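Engineer: Predicted model follows, preceded by the sequence.
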Amino acid sequence: LKHIQISTIMSGRDVLSLDPSSREEQADDSFPFTAKPHAFGGAVLSPKHARELTPSLCLGIASALSSEFSRKNIIPYTLWITEAWRVLGWAEPSAALFWEMATMYHTLYLAGRVESVENIPPILSCGSHSSMGSAPQLEQNKLNKQKYSSSAKELPVWLIGTFLLLHCEESVYRLNSSASQDRSGADSIKQQKHLSTRVRSHASQQDHFTCYILRHLRKILLLLAVPHDDDAVRACMTLAAIQPTTTTPVSDASVIDKWHQEEHGTIGIQICLSLEDLEKLNFVLQPSSGGGIDDPPIDYGQFLWNEIYRGAPIKPGASIPLGEVERFIRQQLTNSYQKHLRPELALAKLSLSESEESPSDKGRGYQKELTYANLRGTTILLKPESTDTQHLHDLVISDCSDAHFYLLQPFEHVTISFCTGCTIVVGAVAGLLYILDCEKTQLTSAARRLLISNSSDVLSHIFTPSPPLLVGDNRNCQLAPYNTYYEGLRDDLLATGLAAVILQEPPPSPSSTSTATSWPLQCASNKWKLPVELSKLEIPQVDEDSSNIANDDAAMQTPILLPASEFNVLFVPLVSDSQQQQEESGSEGPIESRYNQMLAQVLQLSPFRLPVEYERHAIGKADRMRDLQSLMKTLSEEQRARLEDELNRGFRDWLVTSGNLRQVLDLVHLERRGGM
């Protein structure tokens, strides 16, 4: 399987052995910090709120929330709704959506601090105590539910302030606005005319985020200490009253540093951050490519202590002055950023290299961020595997065309950008499934939240417990119910918290070999046909017969639900163990097409029930195929041979004209290699 090869990052123990005199030279090699792009991906606002939101307002509302709840680190949902209206002017729909997105990221942030993916709590439509997980992990899942039971009602102040601050980033603003509403200004990478728009956008995205953190690093560090540190709250109030000298984005690190110093001065540098405060940096920072998939969560407090104080023993209640932390992180981010200033180097890092190593053979060099980029006319198959002890990957598919992806594993976040003419199947997504600037692409996945931005002719067969979000200019995008099944879907849903096991009495027989029906699954209701357009979130509903009907351009952006007559199940080119055993035993039942077999699995084994009208049409197609097969048996040998020749000729012509011949050859190649 093709995947990125990146050198292993040093652990905290390696950092302790650095020579203090050579720290400046070795800092870039010891621990390459980068911005965490997925934290920015969930920043969604209506165009109006995106234009009006500023970093000063973010600090202002964080200070207001801290003043209201100075004795507690968490605030209730009702207080957030009140303050969002008073300070930001947000109506409840916008404030509620922000709270939901922040809750999702906070839940995954907490789950990422532990060693097992089983700590992601299930998302159910009802809080049944019988729907807690599989039997072996029942007690652990009970603890998880207690741990996260208040996540939807209460959130930490630092998380709200930090997540709100990420919404102000320049490229995030552009994604939440139409082209005519973009802010002025362009960086050096976007001015490289010899590169395509897609390449320039993708190559500079990581740099945009890193520049933004450098520009507002003092604010981010101060928010780590609110509301329990009164000095940090007062510093936020002071900075909230200061208007920045400029808001034009730049890519020169020295200019960013100068602007940061002019705006922030010495405000708050004497505040001491505890090691627990510094651990929250995991929300916005990550190692290169997310670090190793099997590496334990990073303890930023211990790491920074060892780097700044040269490995001195850590005393109880230890803390580090904010100024020292800011100086070290700025140096690390600047060194990492300067390596990616040239667009050609940034683009080169997106390329995939051939490797004989498969994901199942991963070691410490196997990165958390799994990237597929610049693929043309190929087929990728990532088979299901056990997720009992590993963390979830972040998946990025970028700048691909006429490719087929069958990535049958669970992921934490998924970003699909700048793809054309692709068919993409993603197992399950615990967080955000982000579709950006894609065309003529078909997607099948189960995700906690689906976000489609600036795309056209995208067909999404989706299961999601939250209404899909539409941001920017989307045209002719269609939504449809989930349409496939593969052996391993059950485990992926449990690993990502999209399903929970219903415990029953008596339990299944221990001798049962069927994992698909041993313990029934419970899922939340599928919100696939209830999309929300961010630009219309706070606009009152208007009667269609009214004279004030939306213009044609707005009407074109409205998503279309796929008609039931056009619904088809998707065949995943992976033979399950039960099918293989049946073929090896030679036991053959009645003649059935592969379509009928897959339809039976979707209807009987999938935990997602098809809507009645879609199920009726799918069964009708299967019945017609079954009738055709029965009629063919009444033909004579000569008639059957002539019909088969005609069908084969038409099928070969279709393979060539549709471009699917290449996928068939790819699948044959995969089968010979044992990949299917």
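Structural biologist: Right, received. Where do you want to start? Numbers count the residues shown, from 1 in each chain.

Engineer: Ser274 and Pro321: what is the separation?
Structural biologist: As judged by C-beta to C-beta, to the nearest Å, Ser274 and Pro321 stand 12 Å apart. Glycine gets a C-beta too; all of them are placed from N, C-alpha and C.

Engineer: typo on my end, it should be Trp654
Structural biologist: Trp654 sits 69 Å away from Pro321, going by C-beta to C-beta.

Engineer: So between those two, which is more surrounded?
Structural biologist: Using other C-beta atoms under 10 Å, the more surrounded residue of Trp654 and Pro321 is Pro321, with 14 against 11.

Engineer: which residue packs closest to that one, ignoring adjacent ones?
Structural biologist: Ranked by C-beta to C-beta, 6 or more residues apart in numbering and with sequence neighbours excluded, the top spatial neighbour of Pro321 is Cys272, at 5.6 Å.

Engineer: okay, now that neighbour: neighbour count?
Structural biologist: Cys272 sits with 17 neighbouring residues when counted by other C-beta under 10 Å.

Engineer: Confirm for me that it is in contact with Ser319.
Structural biologist: Yes - applying C-beta atoms under 8 Å, one finds Cys272 in contact with Ser319, separated by 3.9 Å.

Engineer: Pull the contacting residues for the most centrally placed residue in the chain.
Structural biologist: Residue closest to the mean C-alpha point of the chain, counted by C-alpha atoms, centre = their mean, is His413 at 2.2 Å. With contact taken as C-beta atoms under 8 Å, 6 or more residues apart in numbering, His413 is in contact with 38, 41, 108, 394-395, 429-434.

Engineer: Show me the strands paired with the helix or strand encompassing it, marking each as parallel or antiparallel.
Structural biologist: Using DSSP states H and E, His413 sits within strand 404-417. Sheet pairing for strand 404-417, assigned by DSSP bridges, gives strand 379-382 (parallel), strand 393-398 (parallel), strand 423-436 (parallel).

Engineer: Which one, of these, ends up nearest to Phe69?
Structural biologist: Across the strands paired with strand 404-417, Phe69 has its closest neighbour in strand 423-436 (26.9 Å, C-beta to C-beta).

Engineer: still on that earlier bit, any idea how far the residue nearest to the centre of the chain lies from Val396?
Structural biologist: Computed with C-beta to C-beta, the distance linking His413 and Val396 is 9 Å.

Engineer: on that earlier part again, can you pull the contacts of the residue nearest to Pro321?
Structural biologist: By C-beta under 8 Å, 6+ apart, the neighbours of Cys272 are 319-322.

Engineer: can you rerun that using 7 Å?
Structural biologist: Each residue near Cys272 by C-beta atoms under 7 Å, 6 or more residues apart in numbering is listed here: 319-321.

Engineer: a markdown table for these, including pLDDT?
Structural biologist: Shown next, in a markdown table, are the contacts of Cys272 (pLDDT from 0 to 100):
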| residue | pLDDT |
| --- | --- |
| Ser319 | 93 |
| Ile320 | 93 |
| Pro321 | 94 |
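
Engineer: List the ones among the residues you listed that fall in helices.
Structural biologist: Counting by DSSP state H, no part of the contacts of Cys272 is found in helices.

Engineer: got JSON lines for those, with distance to Pro465 too?
Structural biologist: Shown next, in JSON lines, are the contacts of Cys272 (distance: C-beta to C-beta, whole Å):
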{"residue": "Ser319", "distance to Pro465": "40"}
{"residue": "Ile320", "distance to Pro465": "40"}
{"residue": "Pro321", "distance to Pro465": "44"}
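
Engineer: now, among the residues you listed, which is nearest to Leu451?
Structural biologist: After measuring the contacts of Cys272 against Leu451 - C-beta to C-beta - the closest member comes out as Ile320, at 36.4 Å.

Engineer: how far away is the closest residue to the closest one other than its chain neighbours from Asn176?
Structural biologist: Nearest residue to Ile320 in three dimensions, chain neighbours excluded: Leu273, at 5.7 Å (C-beta to C-beta, 6+ apart). Per C-beta to C-beta, Leu273 is found 31 Å from Asn176.

Engineer: Please apply the same query to Lys536.
Structural biologist: 13 Å.

Engineer: Compare these two (neighbour count), which wins?
Structural biologist: Neighbours were counted for Lys536 and for Asn176 using other C-beta under 10 Å; Asn176 has more, 23 against 17.

Engineer: which residues does that one contact?
Structural biologist: Taking C-beta under 7 Å, 6+ apart, we find Asn176 in contact with 44-45, 47, 50, 471-472, 534.

Engineer: quick one: it from Val572, how far?
Structural biologist: Here Asn176 is placed at a distance of 34 Å from Val572 (C-beta to C-beta).

Engineer: quick one on the thing from earlier: show me the contacts of Asn176 that map onto strands.
Structural biologist: Under the assignment DSSP state E, the contacts of Asn176 contribute Val471 to strands.

Engineer: Just put the contacts of Asn176 in TSV and tack on distance to Ile75 and pLDDT.
Structural biologist: Below are these laid out as TSV (distance: C-beta to C-beta, whole Å; pLDDT from 0 to 100):
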residue	distance to Ile75	pLDDT
Val44	21	88
Leu45	20	87
Pro47	27	85
Ala50	23	87
Val471	27	89
Gly472	31	85
Leu534	24	87
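
Engineer: isn't Gly42 right up against Met101?
Structural biologist: Yes - between Gly42 and Met101 there is a contact under C-beta atoms under 7 Å: 4.8 Å.
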